[in-house]
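# with the sequence up front, the predicted model follows.
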Amino acid sequence: MREAVPGAPGDAEVSPRTARRLGRLRRRDLPDGLAVREARSPRARMLGLARLDDMPADEALLIPRCGSVHTFGMRFPIDVIFLDRRGELLSVRREVRPRRLVGARRAKSVVETRAGLADRFLAAGVATPAR
């Protein structure tokens, strides 16, 4: 059975496991009905999106104080947005498949989205424009 993520824009339909995991995380709303969930606790940071079957198209996961991510335990490909200490865009890795390790020099936080959605979150302001 699918259910809505609590507080998700448009009540995106996702699996109960995804709804529970994301529903516990702090949320920051972006324009265009998008939202970023923040993985701040050690447990949330360690789990990330591992073992989830899906991710709402209108949500992303921010992992602060992070310069690299792994996709071991992932069940779907993701786009990874690397940000510097000011929240400015450093690079984007697209279509990162499960069982991979990716990172960026100077990255201080990472945003994970479903594959193919990085540009949508960048346009909505998930990263600060470079000065």
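Sure, I can see it. Residues are numbered from 1 along each chain as shown.
# identify the residues contacting residue 64.
Applying Cβ atoms under 8 Å, 6 or more residues apart in numbering, we find residue 64 in contact with 38, 39, 40, 108, 109. For glycine as for every other residue, the C-beta is placed from the backbone atoms N, C-alpha and C.
# what's the local residue count around residue 104?
The number of residues packed near residue 104 is 18, by other Cβ atoms under 10 Å.
# check which helix or strand covers residue 60.
With secondary structure defined by DSSP states H and E, residue 60 is part of strand 59-64.
# for the strand ranked longest in the chain, list every residue counted as buried.
With DSSP state E setting the assignment, residue counts place strand 89-96 as the longest strand in the chain. Using 16 or more other Cβ atoms under 10 Å as the burial criterion, the residues of strand 89-96 that qualify are 89, 90, 92, 93, 96.
# where's residue 14 relative to residue 46, distance?
21 Å (Cβ to Cβ, to the nearest Å).
# quick one, which of those two is more surrounded?
residue 14 (24 against 10).
# can you list the contacts of residue 64 in TSV and add pLDDT?
Listed next are the contacts of residue 64 as TSV, based on pLDDT from 0 to 100:
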residue	pLDDT
38	96
39	95
40	94
108	97
109	97
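# filter these down to the buried ones, ChimeraX style.
To isolate in ChimeraX the members of those that are buried, counting by 16+ other Cβ under 10 Å, one can use:
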select :38,39,108,109
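# wait, which of the contacts of residue 64 is closest to residue 77?
For the contacts of residue 64, the residue nearest residue 77 by Cβ to Cβ is residue 39; the value is 18.8 Å.
# out of the buried residues of strand 89-96, which is nearest to residue 70?
Relative to residue 70, and with distances defined as Cβ to Cβ, the nearest of the buried residues of strand 89-96 is residue 96, at 9.6 Å.
# can you give me the mean pLDDT across the strand holding residue 60?
On average, the pLDDT along strand 59-64 is 97.
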